[in-house]
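Trainee: okay, sequence plus prediction incoming.
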Amino acid sequence: MLYDLKAKIEINQQLAASVYYLELSMASIPAKLKPGHFVHIRLMHTNDPLLRRPLSVNRIVERKIKNKIVKNIGIVYKIVGKGTHLLKEMAVGEEVDVLGPLGNGFNSNVLKPQQPIIMVSGGMGIAPLVFLAQKLIAAKSKKQITVFLGMDTKKNLILEEDFKKLGCAIQISTDDGSKGFKGYVSDCLEKYLSKTYTLNPKPYIYACGPKPMLKALGIVANKFDIPGQVSLDEMMGCGIGACLGCVVKTHDPKQEKDFVYKRICKDGPVFDINEIIWEE
Amino acid sequence: MQTSVNLGKLKLKNPVTVASGTFGYAQEFKDLVDLDSLGAIITKTITLNPRAGNPTPRLAETSSGMLNAIGLQNEGLDNFISVKLPMLQKIKTKLIVSVSANSADEFIHCVVALEKADVEAVELNLSCPNIKYAKLKSHKGKARIFAQDENDTFRLINAVAKKTNLVLIAKLSPNVTDITSIAMAAQKAGAHALSLVNTFSAMAIDINTLKPRLANVNGGLSGPAIKPIAVKMVYDVAQAVNIPLLGMGGIMNADDAIEFILAGATAISVGTANFVQPNVSMEIIKGIERYCQKNNIKDINKLIGKFRV
């Protein structure tokens, strides 16, 4: 069931130079959200920007209000264009319009008991992985999670503490080498896998980030024959599978066609790591 | 209050429809919109054979507008009839199937098959700006959108009209010098109504990468940015033909819809606004009713083309 509801801004606070944490309260949607889901946010009272902004869910926060537990949606967003710039200016108490829950979400049923988990994030791709790590840690079977966190530079690193609190091991890489491994997160992972990691039992990868990073990660995962899922980020029209604006090329399971377009908003945003045909 | 309007033989319970390509095959919206309440649903365009569509990126946002170059991605006629049509026909509203084709024969094939499948009305999409059209001799070897040429418009609609009893709605392009001449050709050819207008051919450039923001380079502009031009085209065509018009182009709310009706549209289509606010068509239905009540209008038909200069 999809909902399109008004949500009240509870928190809208800066985390890093151009990164903000937004917390929204509303009916119905928060309780239905799973890791990897996204919501499509509309700033009301304007036609410019016209379209909604798809934002991944960073966490579900339980707040006690008048002795009642309510669930809020936590979102971490980066100021990229007109829409996020306006969102940053919005005050606590103001309303936005939220469409959700959207997308398929990460599938954790495929995990084998005791299977180690590797999470890989590039830039803002870290946001939905927090929610996933929280859910996996809260599940009955014990999980060992190693997070590979890639960012451009040290001062933009966010959400590291959340993973630490959950007991995840953390490997940081920065493009400029200001913290941790200098270079791409995929290279950091490759180095780690070849030097320090025993591939028995075989780990499982969950990743989110920009396409070039996921493409590079796909090559590493393939090299070590590690299964996994990736969550794609894309500009969207409707967000509900109608407009066919946010498609991605995937391999045809029937092997009849060179490729099959899948909708990132509806068939994704999470795909099997081997399903995507990466383009330049 | 009387809210029903007629597009030829097709009787709509209210003048609010959803535009082709912006509402999928309706199931996508079922949680958010009372589908039965709509005046009509116009499907995403189908073609005889499946089409993969254009490369990505297919969408770009511009000031109060949206550029798209989807390229008529669809699963083809057979899949539509066997998979999508049964679900669409369960909805208690009028269904208008949007069809595009490369030739008169292909149009006829699709329309005849749809008629056999109990479809009542089709919208002939002669005006998608995002696909490659045949390079005809009459165009001196240049590919043109069918609806950019009076003769092509007449020839295609007339060929279909001779082979079917379905309600034929021709969707015209705004990318022309004089839309009234194309509209008159469509009327003469046997169209029962006209959809005005498709998107405006447009483009946007990323100044940082020096690349077009759409992989297809050019796309179709929709949204509030085009509304005043679309209103004028509806007004101009309303003076030139006597078949009903389905007005569209940047309708975001009931006020916009009423503007189109006053300009001469019998019914309207909500397009890009479906992406912004999925249930907007229902709000427009209510808003039109409120406007009529407030202004003591007993029959919506009395509003059509009733603006004063």
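Mentor: Received, thanks.
Trainee: do stretch A:255-263 and chain B meet?
Mentor: Yes. Contact of stretch A:255-263 with chain B is found when judged by C-beta under 8 Å from any C-beta of the partner chain, involving A:257, A:259, A:261. Where you see a C-beta, it was placed from the backbone N, CA and C, and this is true even at glycine.
Trainee: leaving out sequence neighbours, find the closest residue to the last one.
Mentor: With C-beta to C-beta, 6 or more residues apart in numbering or on different chains as the measure, A:V247 is the residue that lies nearest to A:Y261, at 4.0 Å, once sequence neighbours are left out.
Trainee: what's opposite that neighbour in the beta bridge?
Mentor: A:R263 (DSSP bridges).
Trainee: look at it and say how many residues are nearby.
Mentor: The local packing of A:V247 (other C-beta atoms under 10 Å in any protein chain shown) involves 26 other residues.
Trainee: cool, and A:P113?
Mentor: Look at A:P113: counted by other C-beta under 10 Å, it has 8 neighbours.
Trainee: around chain A, pick out the residues from the stretch 151-300 of chain B.
Mentor: That would be B:223-224, B:252, B:272, B:274-279, which are the residues of the stretch 151-300 of chain B within reach of chain A (C-beta under 8 Å from any C-beta).
Trainee: narrow the residues of stretch A:255-263 next to chain B to those in strands?
Mentor: With DSSP state E as the criterion, strands contain A:Y261 from among the residues of stretch A:255-263 next to chain B.
Trainee: emit the ChimeraX select command for whichever of the residues of stretch A:255-263 next to chain B are buried.
Mentor: What follows is the ChimeraX syntax for the buried subset of the residues of stretch A:255-263 next to chain B, where burial is set by 16 or more other C-beta atoms under 10 Å in any protein chain shown:
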select /A:261
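Trainee: of all the residues of stretch A:255-263 next to chain B, which comes closest to chain B?
Mentor: Chain B has its nearest neighbour among those in A:Y261, at 6.2 Å by C-beta to the nearest C-beta.
Trainee: in the stretch 101-250 of chain A, which residue sits closest to chain B?
Mentor: Taking C-beta to the nearest C-beta, the stretch 101-250 of chain A has A:A242 as its residue nearest chain B, at 3.3 Å.
Trainee: with adjacent residues omitted, what lies nearest to that residue?
Mentor: Per C-beta to C-beta, 6+ apart, closest to A:A242 is B:G24, 3.3 Å.
Trainee: re earlier: adding neighbour count, write the residues of the stretch 151-300 of chain B next to chain A out as TSV.
Mentor: Converted to TSV, those look like this (neighbours: other C-beta atoms under 10 Å in any protein chain shown):
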residue	neighbour count
B:G223	27
B:P224	22
B:M252	21
B:T272	30
B:N274	27
B:F275	29
B:V276	22
B:Q277	20
B:P278	24
B:N279	15
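Trainee: can you pull the phi/psi pair for A:G122?
Mentor: Per-residue torsions, A:G122: phi -120, psi 120 (degrees, to the nearest 10).
Trainee: would you agree it is in contact with A:N156?
Mentor: No. With contacts defined as C-beta atoms under 8 Å, A:G122 does not count as touching A:N156, sitting 11.8 Å away.
Trainee: tell me where the stretch 151-300 of chain B has strands.
Mentor: Assigned by DSSP state E, counting those that start in this stretch, the strands in the stretch 151-300 of chain B fall at B:167-171, B:193-196, B:200-203, B:205-206, B:211-212, B:218-222, B:245-248, B:267-270.
Trainee: quick one: strands adjacent to the third one?
Mentor: Counting by DSSP bridges, the strands paired with strand B:200-203 are strand B:218-222 (antiparallel).
Trainee: now swap in the fifth one and tell me
Mentor: For strand B:211-212, the paired strands and their directions (DSSP bridges) read strand B:205-206 (antiparallel).
Trainee: same question for stretch A:89-104, mean pLDDT?
Mentor: Regarding stretch A:89-104, the rounded mean pLDDT is 97.
Trainee: and whichever residue of the stretch 101-250 of chain B sits closest to chain A, what is it in contact with?
Mentor: Scanning the stretch 101-250 of chain B for proximity to chain A using C-beta to the nearest C-beta identifies B:P224 as nearest, at 4.7 Å. For B:P224, the contacting residues are A:47, A:50, B:64-65, B:250, B:252, B:256, by C-beta atoms under 8 Å, 6 or more residues apart in numbering or on different chains.
Trainee: per-residue pLDDT of it, please?
Mentor: The pLDDT attached to B:P224 in the predicted structure is 98.
Trainee: quick check: the residue nearest to A:A242 is in a helix.
Mentor: No. When the secondary structure is assigned by DSSP: H, G, I helix; E, B strand; the rest coil, B:G24 falls in coil instead of a helix.
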